[in-house]
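[1] Give me the fold of what follows.
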Amino acid sequence: MDNFLLGVIASIIAGLLIPGIRGQIIYYSQYIYQKFSGNTIDLTDTWEASFAEVDKNKSALNSVEKIKISHKGKYFYGTGTIGDPYPRKFKYSGELFHNLLSGYYEKEGTQQGSLEGKGVFLLQIDQTRNKMIGYCAYFDKDSNNIEVSNYEWKRF
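    Got it, this is the predicted structure:
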């Protein structure tokens, strides 16, 4: 009877621990793969991104973001800020596939600005791995349309 009870307790403890451990195992295995595979790209850094944003007069303004991303395996996460004309903060996430970076961003909080706060992007990484060029798409409340812009990231 003692062995049965010990087995039940051990099973309950293992069942509680495994979901948390599973996430850590995946995270570190991707990190190890990235470090030891010669065929991966490391994008962990601070980047400066530029794109055109429609203002209230429906004319395009050039906007610049500072984005800091962490890259593990094929996934990346990060935060970014835009200073002009309205300060805003964004969260970024996405995936790396060969030399393409696809992702999603979302505005944090309720800062002002003409961006509704959500968008998607697809970037092609150049051979130097210091620049990425592509497009972003987002809903703009000033124009009341989905806007598309050239999107360029450079290592800062």
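[2] how is the chain carved up into domains?
    1-39, 45-155 (automatic domain parsing).
[3] Could you dump the ones you listed into TSV with mean pLDDT and mean neighbour count added?
    Any C-beta I mention is one placed from the backbone N, CA and C, and that applies to glycine too. Formatted as TSV, the domains of the chain follow (pLDDT from 0 to 100; neighbours: other C-beta atoms under 10 Å):
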stretch	mean pLDDT	mean neighbour count
domain 1-39	64	10
domain 45-155	87	16
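[4] which residues in this structure form strands?
    45-54, 60-72, 75-82, 88-97, 100-108, 115-125, 131-140, 145-155 (DSSP state E).
[5] Can you tell me the closest non-neighbouring residue to Tyr151?
    Distances taken as C-beta to C-beta, 6 or more residues apart in numbering put Cys136 closest to Tyr151, at 4.1 Å, once the chain neighbours are dropped.
[6] OK, contacts around that neighbour?
    Contacts here follow C-beta atoms under 8 Å, 6 or more residues apart in numbering; on that basis Cys136 touches Phe51, Gly119, Val120, Phe121, Val148, Ser149, Tyr151.
[7] and the closest residue in space to the fifth one that isn't next to it in sequence, what does it touch?
    In this case it means Val148. Leaving aside its sequence neighbours, Val148 sits nearest to Ala137 (C-beta to C-beta, 6+ apart; 4.9 Å). Applying C-beta under 8 Å, 6+ apart, we find Ala137 in contact with Gly119, Val120, Phe121, Ile146, Glu147, Val148, Ser149.
[8] Hmm, Tyr138 and the fourth one touching each other?
    Yes. The criterion here is C-beta atoms under 8 Å, and Ile146 meets it with Tyr138 at 7.1 Å.
[9] Once you drop chain neighbours, what's closest to Leu96?
    Nearest to Leu96 is Lys74, by C-beta to C-beta, 6+ apart, at 4.9 Å.
[10] Looks like that neighbour contacts Glu95 (just checking).
    Yes. Counting by C-beta under 8 Å, Lys74 does reach Glu95; the two are 5.3 Å apart.
[11] how close does Tyr104 get to Thr46?
    Separation of Tyr104 from Thr46 (C-beta to C-beta, to the nearest Å) stands at 19 Å.
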